[in-house]
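Q: Got a sequence here, can you model it:
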Amino acid sequence: MTPADRTDTVHLRAFTEGDLPFLDRLCTDPDALGEFEWPGFGDPRARRKRWEADGYISADSTAVAIARADNTVVGIATWKPRGFPSGVTYEIGVGVVPEHRSQGVGTAAQRLLVDYLLDHTTANRIEALTNGGNLAEQKALERLGFRQEGVMRGRSFQHGNYVDVLVYGLLRAEYRPATA
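A: Predicted coordinates for the structure are as follows:
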């Protein structure tokens, strides 16, 4: 196992009230999610309202904290069901703040997320979308066994330009052949 694949460096957990400043940062700091994920300034109150409504955990979409062993939040991991019937396909995403990137945190969090979905849902397929220029994310997905399945040309608007988005997929039988 390479250092980038070590899941003992981070864990996933539900957001708590004490994490609200971290969630605020995602709306107010252009560098927090990185050049490929920054959607523009947002209202931090919207994130707080979502946390108050459901703690970021619902049947429609879920977001949890990526935390270090000392419980410091270093990122966000998300999943949402896609397609019909619900519960067969999930789209995942991971964002790590700059000071914790390039340390294997994102790959470890994605592995934990894939394991969680395969252990606790009926997921047969897990998808991830990534900006065509995000080579680090593409490598992380490929390390976990995801395959690039397609390109959605000009799907995203970023920094004044339309950019391609790559579709990656992973099937249960590819990740866990013995349990398929």
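Q: mind pulling up the phi and psi values for residue 91?
A: Here is the backbone geometry of residue 91 (degrees, to the nearest 10): phi -100, psi 130.
Q: swap in residue 156?
A: phi -120, psi 150.
Q: for this structure, what spans make up the helices?
A: When secondary structure is read from DSSP state H, the chain shows helices at 20-28, 44-54, 105-120, 135-143, 172-175.
Q: Distance to residue 88 for the ones you listed - can I get that in a markdown table?
A: The C-beta positions use only the backbone N, C-alpha and C, and glycine is treated the same way. Putting those into a markdown table (distance: least, C-beta to C-beta, whole Å) gives the following:
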| stretch | distance to residue 88 |
| --- | --- |
| helix 20-28 | 29 |
| helix 44-54 | 23 |
| helix 105-120 | 11 |
| helix 135-143 | 20 |
| helix 172-175 | 10 |
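Q: out of those, deepest packed?
A: Scoring those by mean neighbour count under mean count of other C-beta atoms under 10 Å gives helix 105-120 as the most buried, with a mean of 20.
Q: if we can go back for a sec, export the helices of the chain to a markdown table and tack on distance to residue 74 and mean pLDDT?
A: Shown next, in a markdown table, are those (distance: least, C-beta to C-beta, whole Å; pLDDT from 0 to 100):
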| stretch | distance to residue 74 | mean pLDDT |
| --- | --- | --- |
| helix 20-28 | 9 | 84 |
| helix 44-54 | 17 | 86 |
| helix 105-120 | 6 | 94 |
| helix 135-143 | 15 | 92 |
| helix 172-175 | 24 | 92 |
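Q: Does residue 141 touch residue 167 like I think?
A: No: applying C-beta atoms under 8 Å as the test, residue 141 and residue 167 come out as separate, 10.5 Å apart.
Q: which residues do those two both contact?
A: A shared contact of residue 141 and residue 167, defined by C-beta atoms under 8 Å, 6 or more residues apart in numbering, is any residue touching both; here these are residue 128.
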